[in-house]
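**Q** got a predicted structure plus its sequence, pasted below:
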Amino acid sequence: MTAGLARADAAWSLPGGEMALERPVVMGILNVTPDSFSDGGRFRLPEPALARAREMVEAGADIVDVGGESTRPGSAAVSADEETARVLPVIALLKQRLDVRVSADTRKAEVAREALALGADVVNDVSGLGDPQMASVLAASDCGIVLMHTRGTPETMQSLAKYGDVAEDVASELGSVLDRAIAAGIAAERIVLDPGVGFAKAGEQNSELIARLGVVARLGRPLLVGASRKAFIGHLLGGIAADGRDAGTVGACVAGLARGARIFRVHDVRSARHALDVAWSILRTPAAE
């Protein structure tokens, strides 16, 4: 079996029970921003967002990740009031109408608190506890948590992509975030780590990070890879635009699976679901020497 594959009993502690990680988990991206680089604001209203979430569930999504603030490189922050106005009606509707885990993609403690009050199962914090109040908000709940590695803010992060050894440096910095979360009273079993592909990483650093996920896996928590339609895939494919990067995204997901990731955040759920399930079946099959 490929080194880095998760144990058969690996699981993620979520409200109401564990999510087993004996097979790849697909997290569908639902951007409800007016300026999404990928969706162009098509799902910012609750009913279109619900329809899109239903499509993703039917295509095999295990989690729907709702985001109300663009964090692409160079993007400006929005206020907590603006972000809550975007995401809360959608999260409430998804919890009422769909049988799926719902994640709140936010770096603001205030938004996370209100999303959790509506029943959000996961908080996906791309700032890695950048908000000083986030750890206490998360500690007071039983939600699942994604802690991502980044540096600076979306406006400054690409100027901070300087590493001695990208995998070792990311693991060290993400380990410090993990330690802070546990010190705040958050059980490790609730935490998944995301090395932050495309966040304060430049070009080939992203490929190297996926290739060396085993270094980050030493921290002892399940890993999420969020490579969907990122710029490095476009560069690898000769400059192809974001809406043409889904096949490349699948390639990055399968590579991440082979190197130990178990959760995959994607726009094109069906392609990722099919590719990961087939790759997982093959990777788990003993090979005759």
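**A** Arrived safely.

**Q** make it CA atoms for all contacts and neighbour counts henceforth
**A** Noted.

**Q** need the helices for this protein, in chain order.
**A** Under the criterion DSSP state H, helices of the chain are mapped to 46-58, 80-97, 109-117, 134-139, 166-183, 204-211, 213-217, 231-236, 246-258, 269-283.

**Q** state the number of residues packed around residue 132.
**A** Here the number of neighbours of residue 132 (other Cα atoms under 10 Å) works out to 10.

**Q** hang on, I meant residue 285
**A** By other Cα under 10 Å, the residues close to residue 285 number 10.

**Q** again with residue 255
**A** Residue 255 has 18 neighbours, counted by other Cα under 10 Å.

**Q** which residues sit in contact with it?
**A** Residues in contact with residue 255 (Cα atoms under 8 Å, 6 or more residues apart in numbering) are 210, 211.

**Q** pLDDT wise, what is it at?
**A** The confidence metric pLDDT takes the value 98 at residue 255.

**Q** for residue 241, which non-adjacent residue is closest in space?
**A** What sits nearest to residue 241 in space, not counting adjacent residues and going by Cα to Cα, 6 or more residues apart in numbering, is residue 234, at 6.3 Å.

**Q** correct me, but the one you found touches residue 247?
**A** No. Contact between residue 234 and residue 247 fails when scored by Cα atoms under 8 Å: they sit 10.7 Å apart.

**Q** the residue nearest to residue 242 when sequence neighbours are not counted: neighbour count?
**A** Distances taken as Cα to Cα, 6+ apart place residue 229 nearest to residue 242, at 5.3 Å, with adjacent residues excluded. The burial count assigned to residue 229 is 26, neighbours taken as other Cα under 10 Å.

**Q** ok, residue 229 touching residue 249?
**A** Yes. At 6.0 Å, residue 229 and residue 249 qualify as touching, with contact defined as Cα under 8 Å.

**Q** look up how far residue 197 lies from the closest residue to residue 195 other than its chain neighbours.
**A** Of all residues not flanking residue 195 in the chain, residue 149 sits nearest, at 5.1 Å (Cα to Cα, 6+ apart). Distance, residue 149 to residue 197, using Cα to Cα, to the nearest Å: 9 Å.

**Q** relative to residue 224, which of the helices of the chain is closest?
**A** Smallest distance to residue 224 across these (Cα to Cα): 8.8 Å, for helix 246-258.

**Q** overlap of the contact sets of residue 149 and residue 197?
**A** When contacts are counted by Cα under 8 Å, 6+ apart, residue 149 and residue 197 have no shared neighbour.

**Q** what does stretch 149-162 rub up against?
**A** By Cα under 8 Å, 6+ apart, stretch 149-162 touches 71-76, 126-128, 170, 173-174, 194-196, 199-202.

**Q** can I get the CA coordinates of that stretch in CSV?
**A** Output of stretch 149-162 as CSV, limited to C-alpha atoms (Å, rounded to 0.1, in the frame of the first residue of the first chain):
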residue,chain,number,x,y,z
HIS,A,149,-1.7,27.5,6.7
THR,A,150,-1.2,31.0,5.3
ARG,A,151,0.8,34.1,5.9
GLY,A,152,-0.4,37.7,6.1
THR,A,153,-3.7,38.5,4.4
PRO,A,154,-5.1,37.9,0.9
GLU,A,155,-3.8,41.4,0.0
THR,A,156,-0.2,40.6,1.2
MET,A,157,0.2,36.8,1.2
GLN,A,158,1.9,36.4,-2.1
SER,A,159,4.7,38.7,-1.1
LEU,A,160,5.4,36.4,1.9
ALA,A,161,6.0,33.2,-0.1
LYS,A,162,9.6,32.9,0.9
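
**Q** could you give me the average pLDDT of that stretch?
**A** 92.
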